[in-house]
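[1] no sequence for this one, just the structure:
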């Protein structure tokens, strides 16, 4: 009964959050649900069979209430100035996001209003720096991709309390860095020093790829190369999410299987910690690290059911902190799904690959690769509409090399930051591994029909796909248990 109540409560809460964004429920409806929960709970003390009903209503009410509170906390100070030219003064409170043609910064004013602005790349700006902008303030707008998929950009920004934007404002003043010390500003400075070291030690696009696989820094890769990574289904290795760091950390543990288990766990755990630190300990980086840690513990201890419960609680805690991520943060969604695939699907795949050697953990590495690909495929197709027909062979050729490429790239960046280009010869191993990845990706991307674009389709098909996948997992596990049972 407790297990059933736990999972029903998790699902009902998440549905409550989703319904809160999709439908406009008022506070009176939420109060009604809370009162109904109390009434059903009182009756449930006499009749245990309706206890589940109280759990469903209560969890649903909690989800709706969290969304309502989030709306009440929204800072609307600039709503009366929409469409007007204003002056915004504040601190840059997130790491500047360098794109091909511009740099995006988030400025927080003394009134705790956050504004996202696009400025020319010629301006060098840093986290914690004071800046004064002048331009027309607008609400962010949703936009559609070529395949007809609409991206709810306002809701995506809302997860970081950003409700206003200024496109290419006039830069009135760029002041001093005011957020100093051993906080996030120090971590971002450390990351910039590291990426500068990579630039000194490695030629492009190898340096950018190294930054992507070690700290999720894909900004210098360029649109063309990023498109190649998407076509070949390998974009996850340079995206800041639990998807990439989970696979990398798990592969490190698998490679060290011949050593005592504690050594493999420590090596994987340290790689996750370094990843979080080098990304500046952002919310996205911490989230990715949490997902990776849970997957590592599950596969190392084989306590998959207990870790799945921990994953569910972790996801709920993240949604409680920032409810918008449930529906509007693709990185969060992929992290959760990929982690579940690594925990539950990858072992089933590995058992069916007897023709692959277990040396260096290769069988499990391939199992993890295929398992996560299966897990995220329905969601990726819904989000991007791009079906890579070469994703499986590319991942199987590339992913076993990523842990070593990550290690040698990290060493190259650290040495470059400390000693400059005078020790560039020490980056030879990283250069060879990164070049291998780039050659494989480029070769497969050039194949005819390497990928197929799909038209937008309803989300209900994603639900059908995951329902079918869940049934298959349970069926395979049940069949395996029945075959192994005595008699």
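    Yep, it's here. Here the structure is a predicted model, which means the values were calculated and not measured.
[2] okay, CA-based contacts and neighbour counts for the rest of this
    Fine.
[3] does the spatially closest residue to residue 312 that is not a sequence neighbour sit in a helix, a strand or a coil?
    Spatial nearest neighbour of residue 312, excluding adjacent residues (C-alpha to C-alpha, 6 or more residues apart in numbering): residue 10 at 7.2 Å. Here residue 10 takes the helix state, with states given by DSSP: H, G, I helix; E, B strand; the rest coil.
[4] tally of neighbours for residue 10?
    21 (other C-alpha atoms under 10 Å).
[5] could you report the separation of it from residue 333?
    Here residue 10 is placed at a distance of 16 Å from residue 333 (C-alpha to C-alpha, to the nearest Å).
[6] ok so, going back, list the contacts for the residue nearest to residue 312?
    Going by C-alpha atoms under 8 Å, 6 or more residues apart in numbering, residue 10 touches 59, 312-313, 316.
[7] do residue 71 as well
    Neighbours of residue 71 in contact, by C-alpha under 8 Å, 6+ apart: none.
[8] element containing it?
    helix 51-73 (DSSP states H and E).
[9] please parse this structure into its domains.
    As given by automatic domain parsing, the domain ranges for the chain are 2-73, 79-177, 189-456.
[10] distance from the chain centre to the second one, please.
    If you compare the mean C-alpha spot of domain 79-177 with that of the full chain, they lie 22 Å apart, counting by C-alpha atoms, centre = their mean, to the nearest Å.
[11] now that domain: mean pLDDT?
    Domain 79-177 shows a mean pLDDT of 87.
[12] and what of the longest one?
    Mean per-residue pLDDT for domain 189-456: 81.
[13] now swap in the first one and tell me
    Regarding domain 2-73, the rounded mean pLDDT is 86.
[14] in the longest helix anywhere in the chain, what counts as buried?
    When the chain is parsed with DSSP state H, its longest helix is helix 460-484. Of all the residues in helix 460-484, those buried under the rule 16 or more other C-alpha atoms under 10 Å are 462, 465-466.
[15] just put those residues in a markdown table and tack on distance to residue 412.
    Compiled in a markdown table, the buried residues of helix 460-484 are given as follows (distance: C-alpha to C-alpha, whole Å):
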| residue | distance to residue 412 |
| --- | --- |
| 462 | 42 |
| 465 | 43 |
| 466 | 41 |
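[16] of those, just say which sits nearest to residue 322.
    Taking C-alpha to C-alpha as the measure, residue 322 lies nearest residue 462 of the buried residues of helix 460-484, at 23.4 Å.
[17] run through the residues that contact the nearest residue to the closest one once chain neighbours are set aside.
    The shortest distance from residue 462 to any non-neighbouring residue, by C-alpha to C-alpha, 6+ apart, is to residue 378 (5.7 Å). Each residue near residue 378 by C-alpha under 8 Å, 6+ apart is listed here: 462, 465-466.
[18] how many other residues sit next to the closest residue to residue 55 other than its chain neighbours?
    In this structure, residue 55 finds its nearest non-sequential neighbour in residue 9, 6.0 Å apart by C-alpha to C-alpha, 6+ apart. Neighbour count for residue 9, taken as other C-alpha under 10 Å: 21.
[19] quick one: residue 9 from residue 51, how far?
    In terms of C-alpha to C-alpha, residue 9 sits 11 Å off from residue 51.
[20] same deal with residue 229?
    50 Å.
[21] now render the buried residues of helix 460-484 as JSON lines, adding distance to residue 410 and pLDDT.
    Listed next are these as JSON lines, based on distance: C-alpha to C-alpha, whole Å; pLDDT from 0 to 100:
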{"residue": "462", "distance to residue 410": "38", "pLDDT": "92"}
{"residue": "465", "distance to residue 410": "38", "pLDDT": "93"}
{"residue": "466", "distance to residue 410": "37", "pLDDT": "93"}
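[22] from residue 393, how far out is residue 440?
    For residue 440, the distance to residue 393 - C-alpha to C-alpha - is 10 Å.
[23] wait, isn't residue 118 in contact with residue 164?
    No: assessed by C-alpha atoms under 8 Å, residue 118 is found out of contact with residue 164, at 11.9 Å.
[24] which elements pack onto the longest helix of the chain?
    Contact partners of helix 460-484 among helices and strands, from 3 or more C-alpha pairs under 8 Å, 6 or more residues apart in numbering; DSSP states H and E: helix 362-384.
[25] and the direction of the helix it packs on versus that of helix 460-484, what angle?
    For helix 362-384 against helix 460-484, the angle by axes from the mean of the first three to the mean of the last three C-alpha atoms, to 10 degrees is 160 degrees.
[26] which positions in helix 362-384 come out as buried?
    In helix 362-384, counting by 16+ other C-alpha under 10 Å, buried: 362-384.
[27] got it, and stretch 159-173?
    159, 161-166, 168-169.
[28] between these, which is nearest residue 72?
    Closest to residue 72, out of all of the buried residues of stretch 159-173 and judged by C-alpha to C-alpha, is residue 161, at 12.1 Å.
[29] any idea how far the nearest residue to that closest one once chain neighbours are set aside is from residue 74?
    Nearest residue to residue 161 in three dimensions, chain neighbours excluded: residue 114, at 6.7 Å (C-alpha to C-alpha, 6+ apart). Plainly put, residue 114 is 11 Å away from residue 74 if you go by C-alpha to C-alpha.
[30] what is in contact with these two at once?
    residue 161.
[31] so for these two, which residue has more residues nearby?
    A direct count of neighbours by other C-alpha under 10 Å for residue 114 and residue 74 places residue 114 higher, at 25 against 13.
[32] so what's that one up against?
    Residue 114 neighbours (C-alpha under 8 Å, 6+ apart): 106-108, 161-164.
[33] likewise for residue 308?
    Residue 308 touches 340, 343, counting by C-alpha under 8 Å, 6+ apart.
[34] quick one: it from residue 346, how far?
    According to C-alpha to C-alpha, residue 308 and residue 346 sit 14 Å apart.
[35] thanks again, I'm all set now.
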